[in-house]
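> below is the sequence, then the predicted model.
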Amino acid sequence: MPLLRTVNLKKYFRIGKSRFLHAVDGVNVEVGAGSTLGVVGESGCGKSTLGRLVMGLLPATSGEIFYDGVDILRCTRAELAQRRRKMQIIFQDPYSSLNPRMSVFELISEPLVMNKACANKKEQLTRVMELMETVGLAERFINSYPHEMDGGRRQRIGVARAIALRPEFIVCDEPVSALDVSIQAQILNLLMDMQDEMKLTYMFITHDLSVVKHISDEIMVMYLGQCVERARSKELFRNPLHPYTQALLSAIPQPVLGKLRHDKLLRGEVTDPIDPEPGCRFAKRCNVMKPECAERDVALQDMGSGHCVACVLYGG
Amino acid sequence: MGDTAMEEKRMGQKRKKNLDGGVPVLDVRSLEAVYQMDDGVIRAVNDVSFTIAEGETMGLVGETGAGKTTTAFSILRLLPERTGRIPRGEILYKGENLLEKSADEMRMIRGSCISMIFQDPMTALNPILTVGDQILESLEIHNVENRAEKELKSRVDELMSLVGISPARKGEYPHQFSGGMKQRIVIAIALACEPLLLIADEPTTALDVTIQAQVLVLMEELKARLGTSMIMISHDLGVVAKTCDSVAIMYAGEIVEYGTAGDIFEGKVHHPYTIGLFQAIPRLDEDTLRLRPISGLMPDPSNLPPGCRFHPRCPDCMDECRDGKPYRYDRGGHKILCNLFRKEEGV
């Protein structure tokens, strides 16, 4: 049984009187215990909203979220509080997600205090030190404030806060996007080591396909609130099926000499997510669009061994 | 003016540019830039030298705080007035030292001879002016030939179609455009006066990859058409590999390696920092189980380590690296600032 499962999850934001922005539109996710699901897509595709829905930070419009078999959208507050200890989130921007008036000690002990996880001050200090060691923060920083530290160290505080209550499941929302490459590699390695040691389950949200390839077992590609393709990581990169996935892959400049390829360049930009027309959301930018693409919604179709794609080319 | 006539005028300009031959468009010599702070001096750029030939694109690569943007601001003399200073060095634009120009002269050079594309198109544009007016502004300031208003306005239309935006939208405001479109407008403003040198500071960092690809291809096309030289500031080695002719790798205010794109991406010898940078990137075309980050952190620019700036993080650090200037390796223009090569060359 997967640790986390969503069924037809939807989040619509009301814009003005009667228009709706379809941020997440019928997404089905399954994350197995101890594995990593990578969620990729461009800005505005709903990947962060999905992360927040799963964490219960935003109320869903409709659909179900099962965590460990229990529908967390329909359980009581007390039950939810229990579950929430097992689920944590690491935010994108270590510059704005930490309270500038709290020291490292206060920041890391905050989740411990809130959840009364430590019996006394001494235990709390020991646990904070332990966490700092796990995430690779030197002891001398315990009384420092976020502004005194660089991005990499700040993000380590964010990681320490997330693992303080020994969670099972962590949503990582672009945890390395704001960091330089040499520091990015340090944080990615840390996340992978922690996963091995603590058997963590990750939902890793990012726009960077090379990062997601590196860290994920399974990858879901999102476009305008919908999942367009889902497959095992290796399979997706070896054999991308959806035209959007193909375009996304070819648009990434690799550090190898050569010119950008003009032929696979995507036309136009992401279309409006407010009350989208029926049919494939990608159709307007698609190089191989057919008349039927605009006519009906396209469902995810299993092409075998769990590689799912939503495209009329594959009979979806 | 018809399309062919415009084209001829451009070609004429291009030929005129070629006649100058020999003198590089930009020649930066031993540039130093510092910020004077209350609690000390921040040495942001130290002894940086490079040249850019006509039509050449140089990539300036480095991590946050390496001094890339400060170098660009020094060239345009845009360092903050109270704190920024250039104590040493020369910036020769077609043989003329920009550091000796008056503020008024610099104002005319900016935009018409050298212009800049900033990282974040969301903040680079004025939110209360229409995009058409913002493109027009640059043309008006540099209207040395006293061209008629009508002529300038038709140039705005021309520029907008050049960057792939319908001129019908010139009356709209920046917030009505998406990020990629805004960056196209910024490019149109930068290219309005057909500058000889374009400094692009992380022009695509704030954009999505599919839009980034569109903007990079557009910049390539325009550059080829106008014969502009370019400094492409980026932290993304992928972007640099696809766009640049030469590359300078900066670390802690110094250029630690400089060479042609071939030297940097396919060459055999490198600075240990360059090697570290390449190893730290997760690759799409290779399977890696574990990334190899560069250990440690970027040094504090107000307290730079003695000797080689990279020595505390360097896996090949030797005793001689801790003190004194590192060895300058130079083989056919491929320059590396590292003591490792002293031994190899038997000096």
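Yep, it's here. Numbering: from 1, shown residues only, chains lettered A, B, ... in the order given.

> number of residues surrounding A:Lys234?
Using other Cβ atoms under 10 Å in any protein chain shown, A:Lys234 has 13 neighbouring residues. (Each C-beta comes from the backbone N, C-alpha and C, glycine too.)

> now it: phi and psi?
A:Lys234 has phi and psi values of phi -60, psi -40 when expressed as degrees, to the nearest 10.

> please apply the same query to A:Gly158.
Backbone torsions of A:Gly158, given as degrees, to the nearest 10, read phi -60, psi -40.

> what's the separation between it and A:Leu98?
Relative to A:Leu98, A:Gly158 is positioned 7 Å away (criterion: Cβ to Cβ, to the nearest Å).

> A:Thr206 now?
Note on A:Thr206: its distance to A:Leu98, by Cβ to Cβ, is 20 Å.

> now B:Val215
B:Val215 sits 33 Å away from A:Leu98 when distances are taken as Cβ to Cβ.

> these two: which is more packed in?
Between B:Val215 and A:Leu98, B:Val215 has the larger neighbour count (other Cβ under 10 Å), namely 24 against 21.

> hang on, that one is in a helix, isn't it?
Yes - applying DSSP: H, G, I helix; E, B strand; the rest coil, one finds B:Val215 inside a helix.

> angles on the backbone of the residue in the stretch 201-316 of chain A that chain B sits nearest to, please.
Closest to chain B within the stretch 201-316 of chain A is A:Pro253: 3.4 Å, counting by Cβ to the nearest Cβ. Main-chain torsions, A:Pro253, degrees, to the nearest 10: phi -70, psi 120.

> what's near enough to touch it?
By Cβ atoms under 8 Å, 6 or more residues apart in numbering or on different chains, A:Pro253 lies in contact with A:Leu260, B:Gln212, B:Ala213, B:Leu216, B:Asp236, B:Gly238, B:Val239, B:Ala241, B:Lys242.

> so B:Tyr258 is in which element?
B:Tyr258 is located in strand B:254-260, with elements delineated by DSSP states H and E.

> repeat that for B:Asp47.
Taking DSSP H and E as the definition, one finds B:Asp47 inside strand B:40-52.

> that strand close to chain A?
No - Strand B:40-52 stays clear of chain A (Cβ under 8 Å from any Cβ of the partner chain), getting no nearer than 14.9 Å.

> from the rest of the structure, what touches the helix or strand B:Gln134 falls within?
Counting by DSSP H and E, the secondary-structure element that holds B:Gln134 is helix B:131-141. Contacts made with helix B:131-141 from outside it, assessed by Cβ under 8 Å, 6+ apart, are listed as B:107, B:111, B:125-126, B:129, B:152-153, B:155-156, B:159-160, B:169-174, B:177, B:185, B:188-189, B:192-193.

> buried sites along it?
The neighbour-count check on helix B:131-141 (16 or more other Cβ atoms under 10 Å in any protein chain shown) flags B:Val131, B:Gly132, B:Gln134, B:Ile135, B:Leu136, B:Glu137, B:Ser138, B:Leu139 as buried.

> returning to that earlier point: in its sheet, what does the strand holding B:Tyr258 sit against?
Paired neighbours of strand B:254-260 in the sheet (DSSP bridges): strand B:246-251 (antiparallel), strand B:334-337 (antiparallel).

> next structured bit after the host helix or strand of B:Asp104?
B:Asp104 belongs to helix B:103-112 when assigned by DSSP H and E. From helix B:103-112 onward toward the C-terminus, using DSSP H and E, the following helix or strand is strand B:114-117.

> output that next one as CSV, nothing but the C-alphas.
C-alpha atoms of strand B:114-117 as CSV (Å, rounded to 0.1, in the frame of the first residue of the first chain):
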residue,chain,number,x,y,z
ILE,B,114,27.2,49.5,-24.2
SER,B,115,23.9,48.3,-22.8
MET,B,116,22.8,45.9,-20.2
ILE,B,117,20.1,43.3,-19.7
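
> now for it, which elements pack on it?
The elements that strand B:114-117 packs onto, with contact taken as 3 or more Cβ pairs under 8 Å, 6 or more residues apart in numbering or on different chains; DSSP states H and E, are helix B:179-191, strand B:197-201.

> coming back round to it: name the residues that touch the strand holding B:Asp47?
Contacts of strand B:40-52 (Cβ under 8 Å, 6+ apart): B:24-35, B:58, B:67, B:70-71, B:74, B:89, B:197, B:229, B:231, B:246, B:248, B:250, B:252-255, B:258, B:301-304.

> and for stretch A:276-292?
So stretch A:276-292 is contacted by A:22, A:223-226, A:228, A:242-244, A:247, A:264, A:266-271, A:293-298, A:310-313 (Cβ under 8 Å, 6+ apart).

> now which of those would you call buried?
In the contacts of stretch A:276-292, burial by neighbour count holds for A:22, A:223-226, A:228, A:242-244, A:247, A:264, A:266, A:269-271, A:293, A:298, A:310-312, counting by 16+ other Cβ under 10 Å.

> and chain B, which of the residues you listed contact it?
A:Ala247, A:Leu266, A:Glu269, A:Val270.

> from those residues, which land in helices?
A:Ala247 (DSSP state H).

> can I assume B:Ile233 sits in a strand?
Yes - counting by three-state DSSP, B:Ile233 is found in a strand.

> touching, it and B:Ala200? I think so.
Yes - under the criterion of Cβ atoms under 8 Å, B:Ile233 is in contact with B:Ala200, at a separation of 6.5 Å.

> got the domain ranges for the chain?
Picked chain A for this. A:4-86+A:167-268, A:100-166 (automatic domain parsing).

> wrong chain, I was asking about chain B
B:1-113+B:195-285, B:127-189.

> tell me the most buried of those?
Of all these, domain B:1-113+B:195-285 has the most neighbours on average by mean count of other Cβ atoms under 10 Å in any protein chain shown, namely a mean of 19.
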